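Visitor: only geometry, no sequence info:
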């Protein structure tokens, strides 16, 4: 089952099962889900995020109310602009390029959010995004995770993409990333 289909069809429980199955039975007992509006509000609450936009990005889809217009270069993006960067997939790299940009934004957010000035505002930031956050972690566990994150060397954090390949055109109704099970085992 496609992981985002699992989320839509069975929420966190089915998503955890699908992810666990994909990773060979790794136990998943905690989750945090933030919806799109929450990401936008989080970035705005943090005062924006500075990232490198790899190329000019322009796209419009009136049916989805999706309007993307970003210029290449080092940019300080607000929440809406960051969502534009995260949602863009209309180039030769498709979803893979989008995943790489999502990882880039995650790393930039970690660098900017885990500084002492931001940490003092954490309760206010959490209250801003609370309505857009779904988790089975307690408040104490969330704060413990933040405390742990401040202690680790962020240069040692690795963001990986499951090895695999795109499905062949016409193989499925939509494009899928088909994971390579043998390579996942050696990650």
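Guide: Looks like it arrived, so ask away. Remember, it's a predicted structure, so these values are computed and weren't measured experimentally.

Visitor: need the strands for this structure, in chain order.
Guide: 32-34, 49-53, 57-61, 66-70, 73-77, 133-135, 164-166, 177-179 (DSSP state E).

Visitor: Neighbours of residue 3, how many?
Guide: 16 (other Cβ atoms under 10 Å). C-beta: built from backbone N, CA, C; applies to glycine.

Visitor: Look up the closest residue to it, ignoring the ones flanking it.
Guide: Once flanking residues are discounted, residue 3 sits nearest to residue 18: 5.2 Å by Cβ to Cβ, 6 or more residues apart in numbering.

Visitor: repeat for residue 37
Guide: Distance criterion Cβ to Cβ, 6+ apart; nearest residue to residue 37, sequence neighbours excluded, is residue 132 at 5.2 Å.

Visitor: Correct me if wrong: the one you found contacts residue 32.
Guide: No. The criterion here is Cβ atoms under 8 Å, and residue 132 misses it with residue 32 at 11.1 Å.

Visitor: Between these two, tell me which one has more neighbours.
Guide: Set side by side, residue 132 and residue 32 show more neighbours around residue 132, with 16 against 12, by other Cβ under 10 Å.

Visitor: Deepest in the core, which of the strands of the chain is it.
Guide: Per-stretch averages of neighbours, counted by mean count of other Cβ atoms under 10 Å, single out strand 49-53 among those, with a mean of 17.

Visitor: next one: the one helix or strand in the chain whose mean pLDDT sits lowest to chain centre, how far?
Guide: Every helix and strand in the chain was compared by mean pLDDT, DSSP states H and E; the lowest is helix 116-119, with a mean of 79. Here helix 116-119 is found 22 Å from its chain centre; the criterion is Cα atoms, centre = their mean, to the nearest Å.

Visitor: buried residues in that helix?
Guide: Residues of helix 116-119 classed as buried by neighbour count (16 or more other Cβ atoms under 10 Å): none.

Visitor: repeat for stretch 6-13
Guide: Here stretch 6-13 shows 6-7, 12 as buried, counting by 16+ other Cβ under 10 Å.
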